[in-house]
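> Here you go, sequence then predicted model.
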Amino acid sequence: MILEVKDLCYRYKSGRTIFQDVSFGIQEGEILSILGPNGAGKSTLLNCIANLLHPQSGQILLDGRPMDSMGVGEIAQIIGYVPQSHHPAYDYTVRDFVVMGRAPYIGLFSKPTREDYELVDEALDRLGILKLADKPYTQISGGERQQVTIARVLVQRPKLILLDEPTSHLDYGNQIRTVRMIRRLSEEGYAVILTTHTPDHVIMLGSRVGMLDYTGRMTFGSVEEAMTEERLSQMYQVPLKVRYIEEIRRKACFAPNLE
Amino acid sequence: MRGKKPIVLDAGGRQYRLMLVVLLVILLCSVMASLTVGRYGMSVGEALKILLSKVVPIEHTWDNTQESVVMRLRLPRTLAAALIGAALALSGASYQSMFKNPMVSPDLLGVSSGACIGASLAITLSLSSVTIQVWAFLGGIAAVTLTTAIPKLLGSQSTVMLVLSGVIVGGLMSSIMGIIRYFADPDTALAQMTYWAMGSLADVQMVDLAAIGPFILAAGILLLLMRFRLNVLSLGEQEAKTLGVDIKKSRAVVIVCATILTASSVCIAGTIGWIGLVVPHLGRMMAGPDNRKMLPLAVLLGASFMIWIDLVARTITSAELPISIITGIIGAPFYFYLLFRQRNTLR
């Protein structure tokens, strides 16, 4: 088990419970998609796993060791995090930005070596964006930026990749490409946890799914078990239909006509 | 990577090395200009001979006044200017990376005025010169802590909020400075404080440099060694943390070193504004934001820049102008230019 989450509970200081009794585990090559309405706490859960927020109770184990007993450097060698959006203050070139993924392996007074840059160019090449290497990171499109951030996570060589709403700022084509890339990451052995607002993406990934509702309870299951019409309609508080479509050989989630 | 074009490790590396060499030559020329230009003029050759005569025996072809002007007046001044210019530029660049904010500097964060208060308090209490330096450092740390605490307290991490918070702390500091000045002994301490408030290199002695220089060198070398870490920190705290950076430790080292640089500069020459803002931006325009390339450029640029400003300050009129007057005349329009360029991205 790369990651084990036991009875995790997070409360705001005001007392509002965001989620409680969340337990799950994830292995090599597995994908877990987290669905939930706005404000249900998907990102909060992801941030707890990324060690950016500290849950009030419960335990997180990485490779069987409690995360709170590990240093940030050790954690960063196991977990890679792709944040939702970037507001860069400085226009580093893509290559200089991606090489920062090597930071967990580089000491306080050291600099990336030639080998680190080789890893960077390899990752850029694999994602087909080597041509962007010398461009300023601030001057590429949102879709390209997403890929560049994923390249950074690849050179970090983690076992588990967390993606916070990876498709939310992208056009439709880039959304589908990102879903495909997530699938490829899992095929290469990475464990992946992502949050998303699009049930169809979860269906396409065929992954396990965790559905977080307003009460802070999380229901886990396969796409077949968990993503029923009733559950989805109840979670989003709108009537929804789930149908199998022969031409695309998968189920799809629909909202009915507005009339 | 078979069959592909070889990795260009540092694109533009040759161009960068050329820039370093050019800036180094400019710095040496600036030093020579500063040693020779002034009310007591002399040729470059004479100045060089006087300097060399300290290391190798050379026939005396100059008079004693010339030697004393170069060795006692201009050399300490020039060295101090170079040291302070480099220190302030490095300090500013480090704060800018640390706070993910290109619009801050030691003076805008209140560090300079905090250090000035610390030093002035120590002077009013007639403490020793080492203690003055320690107090200046403590004043600087207190100011930067306060400035960064305000945005945290308000739960806003925007660029503008940190700058405004610096305005608040700066205002507070100048009032406290006023109080100290009000109670200071008008014959001794007050004069020294007034001289400090505007920045001047007129009274710099070699002994001051020998006492304070090592601190500047040590803090400066540490920051230069941390160049890559500064890059990672400039992505913001959360992201740096997910990249395995121990934020508390790195932050402490950077802030302590950058504050030592500013406080030491204040101890030598008082508060000098704008250098810490303007020079890192010039460096970034030349080499891009990568601190690995930018910091060495900023150090060289800062040193030359400061030498020329001091040269102008002491030669433009018959009486000496305070340094901050000149840096302000250059710095204020430059800050406007920065705001203009970043008008769409500032949040």
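Good, I have the coordinates. Numbering: from 1, shown residues only, chains lettered A, B, ... in the order given.
> Could you measure from residue B:331 over to residue B:88?
To residue B:88, residue B:331 is 11 Å away according to Cβ to Cβ, to the nearest Å. For the C-beta atoms, the positions are set from N, CA and C on the backbone; glycine is no exception.
> what about chain B, any weak spots by pLDDT?
B:1-12, B:345-347 (pLDDT under 70).
> swap the cut-off to 50 and go again
B:1-6 (pLDDT under 50).
> Could you tell me which residues of it lie near chain A?
Residues of chain B found near chain A (Cβ under 8 Å from any Cβ of the partner chain) are B:1, B:4, B:7, B:9, B:11, B:97, B:100-102, B:159, B:225-229, B:231-232, B:234-236, B:238-247, B:249-250, B:253, B:284, B:288-290, B:292, B:347.
> what is in contact with residue B:331 and residue B:88 at once?
By the contact definition Cβ atoms under 8 Å, 6 or more residues apart in numbering or on different chains, residue B:331 and residue B:88 are jointly contacted by residue B:275.
> Neighbour count: those two, which is higher?
Using other Cβ atoms under 10 Å in any protein chain shown as the criterion, residue B:331 and residue B:88 rank with residue B:88 on top: 35 against 20.
> which residues touch the more buried one?
With Cβ under 8 Å, 6+ apart as the criterion, the residues that contact residue B:88 are B:106, B:261-262, B:265, B:272, B:275-276, B:279, B:302, B:306.
> name the element residue 123 belongs to?
Looking at chain A here, since you left the chain open. Using DSSP states H and E, residue A:123 sits within helix A:114-126.
> Chain B, not that one
Element membership of residue B:123, judged by DSSP H and E, is helix B:111-124.
> what does residue B:268 give?
Counting by DSSP H and E, residue B:268 is part of helix B:247-269.
> list the buried ones in that helix?
Using 16 or more other Cβ atoms under 10 Å in any protein chain shown as the test for burial, helix B:247-269 gives B:250-251, B:253-269.
> Check chain B for the residue nearest chain A and tell me.
residue B:244 (2.9 Å; Cβ to the nearest Cβ).
> so that residue touches residue A:107, yeah?
No. Contact between residue B:244 and residue A:107 fails when scored by Cβ atoms under 8 Å: they sit 10.9 Å apart.
> And those two? Which one has more around it.
residue B:244 (22 against 11).
> separation between the residue nearest to residue A:12 when sequence neighbours are not counted and residue A:47?
Of all residues not flanking residue A:12 in the chain, residue A:18 sits nearest, at 6.7 Å (Cβ to Cβ, 6 or more residues apart in numbering or on different chains). Distance, residue A:18 to residue A:47, using Cβ to Cβ: 11 Å.
> hey, what's in contact with both of the two?
With Cβ under 8 Å, 6+ apart, residue A:18 and residue A:47 have no common neighbours.
> Phi, psi for residue A:36 please.
phi 170, psi 150 (degrees, to the nearest 10).
> residues near it, how many?
Around residue A:36 there are 23 residues (other Cβ under 10 Å).
> what residues are up against the residue in the stretch 151-259 of chain A that chain B sits nearest to?
Residue of the stretch 151-259 of chain A nearest chain B, by Cβ to the nearest Cβ: residue A:156 (7.2 Å). For residue A:156, the contacting residues are A:76-77, A:80, A:101-102, A:104, B:243, by Cβ under 8 Å, 6+ apart.
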